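# no letters, just coordinates:
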């Protein structure tokens, strides 16, 4: 009975927590939506800078409260992870924050002395022919655009935030947007557009360069998967560490659910695990074959591994080609043979694994004796006898040659389909086929 009561009590507590966090998340969502509809141009014009900053601080606290409540709710009720609550809140949050930023910029501009504004209108049009003449100060509002350094997993959030706050603002010129963009970049992202001079035309060029470089769902997916496997473990039962692990994991899972199906996510995780265990050469070969536009499937990885295994097995069993006789001679024909006794990495040769077969031709004594029975003896020769006998599948895969003209070329594999001189059962196979 005590166990049953404890179980019922734990279940009731879990249900109570779900209800609490759901109500908490819905409450913060209603608050941000109320602020969104309240902040019309007339209301914003009535605020001074202190009012705008206070509301900016308030919506940031509401954002943190919603994220905490929604994350706890998703942990208790997995169905919440696929809901649209986060998207709805994010849209309302960015709308409110953009309105406050614009209001703050307009207020600060109105407080500038007229002389400062006039000084900003002196633009050298001879060196900047494509700059539009403006009599107002370029706006640099106090925005919190995330700084982007080139991480593929951070690109979607950066692009969405930048376009919401800056890119879609019709009151800003393209050259002003380009300056905002430069100030929001760092690392390899900034290097991508560093060579572009500040001009109206180069803003679109800069955005195209960044999109072509970083807007790739396959790379976004791979970056999130790598980040998941790179999460630090929780040390000494730390509640803070456990919270960070949970929040980071949920963040990456939400992101990859927007990029792939459940099956694609499973395939991606398996591929990442297997790839980390491959040797460097095989891993590089796998990456060379990857599509840059479509997510890889486990079927593709399985097929790649099978082909790679066969190629390496053939490499282990490949026999060294030799050319008997004097190679410098111009009259002696060149004859390609196998060294069937060459040892592979396993320590065994192909001939060690093959059977020679029984002797089925007549003994030499009987053959010589027949020359005594007749006055005339006839003898003949089958030209290239071994090459006249075809091997059956899959035994022909044991007769492969790995070849390339130089060390810079990819290895090519050639398969000999007929009996080859130098292998242990060659004589038996040829004579058996003749019989």
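Thanks, I have the structure now. As the structure is a computational prediction, the values presented were derived from the model and not from experiment. Numbering: from 1, shown residues only.
# residues touching residue 53, list them.
residue 104 (C-beta atoms under 8 Å, 6 or more residues apart in numbering). The C-beta positions use only the backbone N, C-alpha and C, and glycine is treated the same way.
# doesn't it lie inside a helix?
Yes - counting by DSSP: H, G, I helix; E, B strand; the rest coil, residue 53 is located in a helix.
# gap between it and residue 108?
Distance of residue 53 to residue 108, computed by C-beta to C-beta, to the nearest Å: 11 Å.
# can you pull out the strands in the stretch 201-350 of the chain?
Ranges of strands in the stretch 201-350 of the chain, per DSSP state E, counting those that start in this stretch, are 320-322, 337-339.
# avg pLDDT for the first one?
Think strand 320-322. Mean pLDDT, strand 320-322: 46.
# so what's residue 278 closest to, chain neighbours aside?
Once flanking residues are discounted, residue 278 sits nearest to residue 286: 6.9 Å by C-beta to C-beta, 6 or more residues apart in numbering.
# which strands or helices does whichever strand or helix holds residue 106 pack on?
Assigned by DSSP states H and E, residue 106 belongs to helix 85-110. Judged by 3 or more C-beta pairs under 8 Å, 6 or more residues apart in numbering; DSSP states H and E, helix 85-110 is in contact with helix 2-38, helix 41-45, helix 49-76.
# deepest in the core, which of the ones you listed is it.
Highest mean neighbour count among the helices and strands packed on helix 85-110 (mean count of other C-beta atoms under 10 Å): helix 49-76, with a mean of 17.
# got the angle between it and helix 85-110?
Helix 49-76 runs at 170 degrees relative to helix 85-110, counting by axes from the mean of the first three to the mean of the last three C-alpha atoms, to 10 degrees.
# mean confidence for helix 49-76?
On average, helix 49-76 scores 85.
# turn the helices and strands packed on helix 85-110 into CSV, columns for distance to residue 165.
As requested, those are arranged in CSV below (distance: least, C-beta to C-beta, whole Å):
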stretch, distance to residue 165
helix 2-38, 15
helix 41-45, 16
helix 49-76, 13
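# which ones are touching residue 242?
residue 234.
# how much space between the residue of the chain most remote from its centre and residue 81?
Within the chain, residue 375 marks the point farthest from the mean C-alpha position, 82.1 Å out by C-alpha atoms, centre = their mean. For residue 375, the distance to residue 81 (C-beta to C-beta) stands at 99 Å.
# again with residue 263
Distance from residue 263 to residue 81, by C-beta to C-beta: 17 Å.
# between these two, which is the more surrounded one?
The neighbour comparison of residue 263 against residue 81 (other C-beta atoms under 10 Å) goes to residue 81, with 16 against 10.
# what sits closest to that one if chain neighbours are left out?
Per C-beta to C-beta, 6+ apart, closest to residue 81 is residue 74, 4.9 Å.
# my read is that that neighbour contacts residue 85, right?
No - at 9.4 Å, residue 74 does not count as touching residue 85 under the criterion of C-beta atoms under 8 Å.
# which residues of the stretch 201-350 of the chain score low on pLDDT?
In the predicted model, the stretch 201-350 of the chain carries pLDDT under 70 at residues 314-337.
# what about the helices in it?
Counting by DSSP state H, counting those that start in this stretch, the stretch 201-350 of the chain has helices at residues 217-229, 239-257, 262-276, 280-288, 298-317, 350-353.
# and those helices, which is most packed in?
The highest mean neighbour count among those, using mean count of other C-beta under 10 Å, belongs to helix 217-229: a mean of 18.
# and stretch 41-49, how far apart are its ends?
The first and last residues of stretch 41-49 sit 15 Å apart, counting by C-alpha to C-alpha, to the nearest Å.
# show me the contact partners of it.
52, 55, 99, 100, 102, 103, 104, 107, 108.
# most neighbours, which of the residues you listed?
Within those, most neighbours by other C-beta under 10 Å means residue 100, with 25 neighbours.
# that one and residue 52 touch, don't they?
Yes - counting by C-beta under 8 Å, residue 52 is a contact partner of residue 100 at 5.5 Å.
# does residue 298 touch residue 267 like I think?
Yes - counting by C-beta under 8 Å, residue 298 touches residue 267, with 4.3 Å between them.
# pull the contacting residues for the residue positioned nearest the centre of the chain.
Central residue of the chain (C-alpha atoms, centre = their mean): residue 222, 3.3 Å from the mean position. Residue 222 is in contact with 152, 268, 272, counting by C-beta under 8 Å, 6+ apart.
# could you do residue 252 as well?
153, 224, 227, 228.
# repeat the analysis, applying 6 Å as the threshold.
Applying C-beta atoms under 6 Å, 6 or more residues apart in numbering to residue 252 gives the contacts 224, 227, 228.
# need the nearest residue in space to the last one, chain neighbours excluded.
Excluding its sequence neighbours, the residue lying closest to residue 228 (C-beta to C-beta, 6+ apart) is residue 252, at 5.1 Å.
# list of residues touching stretch 64-79?
Counting by C-beta under 6 Å, 6+ apart, 17, 18, 21, 22, 24, 25, 28, 80, 81, 89, 250 sit against stretch 64-79.
# looking at those, spot the one nearest residue 199.
residue 89 (37.6 Å; C-beta to C-beta).
# residue contacts, the closest one?
Counting by C-beta under 6 Å, 6+ apart, residue 89 has contacts 29, 66.
# one more: the one 3 residues further on?
Residues near residue 92 by C-beta under 6 Å, 6+ apart: 32, 33, 36.
# can I get those in TSV with distance to residue 61?
Converted to TSV, the contacts of residue 92 look like this (distance: C-beta to C-beta, whole Å):
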residue	distance to residue 61
32	11
33	16
36	16
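# what about residue 402, which SS state?
Secondary structure assignment for residue 402 (three-state DSSP): strand.
# start at 711, not 1
With 711 as the first residue, the last one maps to residue 1112.
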